[in-house]
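J.: below is the sequence, then the predicted model.
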Amino acid sequence: MHGTPKVLGTTSQILHNNWKLYFENVRDTYHATLLHTFFTTFRISRLTSEGGVDIAEEFGDDTTTQILSLFPNFVLQQIQNCIALRLVLPRGPDKTELQWTYIGFEDDDADMTALRLGQANLVGPAGYVSMEGGAVGNFIQRAIHGSEEDCSVLEMGDFGHISEHNRTTEASVRSFWRAYRPLMGF
Amino acid sequence: MDLEAVPRRLELEQLYTDYAHCLDADELERWPDFFTEDCFYRITSAENYEAGLPLGLIYATSRNMLNDRVSALREANIYEPQRYRHLVSSIKIVRDVAEGPEPLDLVANFLVVRTMQDGAMTIFGAGRYVDRVKRDTGSWKFASKIVVLDSRQIDTLLAIPI
């Protein structure tokens, strides 16, 4: 237990795509540096002033970024010191609401809160890193209308759904479908 | 309104007019110039604002952070071509000079219509600016601007500032 969480604020993002496309995006472990070009362009550093980004080691596990997705529609995100809960709510076949709740902890001092609020610029609907996530699902949604008889095969990293020590795998996406299909009777 | 307040009123209206045209004309590189060097800028929802929750969708504590935002939009982030049309109205001086020297506190209403490349238009946001302005090298600048959106929902993404 790290302390008592406290809410720093909430927001909601309307995505014009099926909810499962968002969940595939979250579980796709190799897309981050391809889609979110902010990571590679700026190496998470500022352009107009000296210095980089402030990161406080919080949990003692040497992990600074972790996107934990819980079937079927919950995501817990730690990007540096920015912690957020994301709830994925289907609003129709091609509309999804993504509800964000940003948290800190009761024993955060003013500096820690300032750090979390500054790093919150990275995520959310206007996030340096994550704003593309609002649009990319819709790109796919639009593209698949023309190929409804086709299918895609997720075989990067073989066919398994086991833990792996690299990110060039679709194991996590396959795991989602493996849980989804029997529930839906497919 | 006494006579001295009239030119100040015109100057402040000009500030909001120039600000809106800067964003709508995609002259984002000029956008940070509307702020003081140690400015505060935040976009949030009425829900967060009224509950006293500090989160910002965009959260900047200096003009340099606004420059960073523009750099990222130009160089890094991927989003579909789009344009805003700001309608700013009902500018109200909450705390006037008569009550003390600068800064002045103002609120103003805004409506932002977003038009996408394919022509689709939506009311992207409506709300109020909660602002603090002061004179800086001869002209009025925003020392603080809190963009309070009436809705908690953002359609797709928020790239261009409001």
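T.: Sure, I can see it.
J.: and the residue nearest the centre of chain A, backbone torsions?
T.: What sits nearest the mean C-alpha location of chain A, by Cα atoms, centre = their mean, is A:Val26, with 4.7 Å. Listed backbone geometry of A:Val26 is phi -60, psi -40, with angles given as degrees, to the nearest 10.
J.: show me where chain B has its strands.
T.: With DSSP state E as the definition, chain B shows strands at residue ranges B:35-45, B:58-60, B:82-95, B:104-116, B:121-136, B:139-149, B:153-155.
J.: hey, which of those strands is tucked in deepest?
T.: Comparing the strands of chain B on average neighbours per residue, with mean count of other Cβ atoms under 10 Å in any protein chain shown, the densest one is strand B:58-60 at a mean of 23. Every C-beta, even on glycine, is put in place using the N, C-alpha and C of the backbone.
J.: give me the beta-bridge partners of the residue in chain A that chain B sits nearest to?
T.: Using Cβ to the nearest Cβ, the closest approach of chain A to chain B is made by A:Gly9 at 2.2 Å. Legend: beta-bridge partners of A:Gly9 under DSSP bridges are A:Tyr102.
J.: and it, what does it touch?
T.: Contacts were defined as Cβ atoms under 8 Å, 6 or more residues apart in numbering or on different chains; by that measure A:Gly9 touches A:Tyr102, B:Thr44, B:Asn48, B:Leu53, B:Pro54, B:Leu55, B:Gly56.
J.: could you export these as a markdown table, including distance to B:Tyr16?
T.: Rendered in a markdown table, the data for the contacts of A:Gly9 read as follows (distance: Cβ to Cβ, whole Å):
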| residue | distance to B:Tyr16 |
| --- | --- |
| A:Tyr102 | 30 |
| B:Thr44 | 19 |
| B:Asn48 | 23 |
| B:Leu53 | 27 |
| B:Pro54 | 25 |
| B:Leu55 | 25 |
| B:Gly56 | 21 |
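J.: and the residue of chain A closest to chain B, what pLDDT?
T.: If you check A:Gly9, the pLDDT there is 98.
J.: same thing with A:Arg46?
T.: In this prediction, A:Arg46 carries a pLDDT score of 43.
J.: tell me the SS of the residue sitting furthest away from the middle of chain A?
T.: Among the C-alpha atoms of chain A, the one most distant from their mean position (Cα atoms, centre = their mean) is that of A:Glu149, at 29.2 Å. A:Glu149 carries the three-state label coil when classified by DSSP: H, G, I helix; E, B strand; the rest coil.
J.: of all of chain B, which residue lies closest to chain A?
T.: Closest to chain A within chain B is B:Leu55: 2.2 Å, counting by Cβ to the nearest Cβ.
J.: phi, psi of that residue?
T.: Summarising the backbone geometry of B:Leu55 under the convention degrees, to the nearest 10, its torsions are phi -60, psi 140.
J.: the closest residue to it other than its chain neighbours and B:Glu47: what is the separation?
T.: Take B:Leu55 and drop its neighbours on the chain: the residue closest to it by Cβ to Cβ, 6 or more residues apart in numbering or on different chains is A:Gly9, 2.2 Å away. When Cβ to Cβ, to the nearest Å is the yardstick, A:Gly9 and B:Glu47 sit 9 Å from each other.
J.: got it, and B:Lys134?
T.: Summarising the geometry, the distance separating B:Lys134 from B:Glu47, computed by Cβ to Cβ, is 29 Å.
J.: ok, now A:Tyr128?
T.: Look at A:Tyr128 and B:Glu47: by Cβ to Cβ, they are 23 Å apart.
J.: what about these two, which has more around it?
T.: For A:Tyr128 versus B:Glu47, neighbours defined as other Cβ atoms under 10 Å in any protein chain shown are more numerous around A:Tyr128 (24 against 17).
J.: where do the helices sit along chain A?
T.: A:19-27, A:32-35, A:37-42, A:110-119, A:133-144, A:171-184 (DSSP state H).
J.: out of the ones you listed, which one sits most buried?
T.: Each of those was assessed for mean neighbour count using mean count of other Cβ under 10 Å. The highest is helix A:19-27, with a mean of 21.
J.: now that helix - C-alpha only, PDB.
T.: What follows is helix A:19-27 as a C-alpha-only set of coordinates in PDB (Å, rounded to 0.1, in the frame of the first residue of the first chain):
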ATOM      1  CA  TRP A  19     -14.200   0.000 -28.000                       C
ATOM      2  CA  LYS A  20     -12.200  -3.100 -28.800                       C
ATOM      3  CA  LEU A  21     -10.000  -1.000 -31.100                       C
ATOM      4  CA  TYR A  22      -9.000   1.100 -28.200                       C
ATOM      5  CA  PHE A  23      -8.300  -2.000 -26.200                       C
ATOM      6  CA  GLU A  24      -6.100  -3.500 -28.900                       C
ATOM      7  CA  ASN A  25      -4.200  -0.200 -29.000                       C
ATOM      8  CA  VAL A  26      -3.600  -0.300 -25.300                       C
ATOM      9  CA  ARG A  27      -2.400  -3.900 -25.400                       C
END
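J.: since that was my last question, I'll sign off now.
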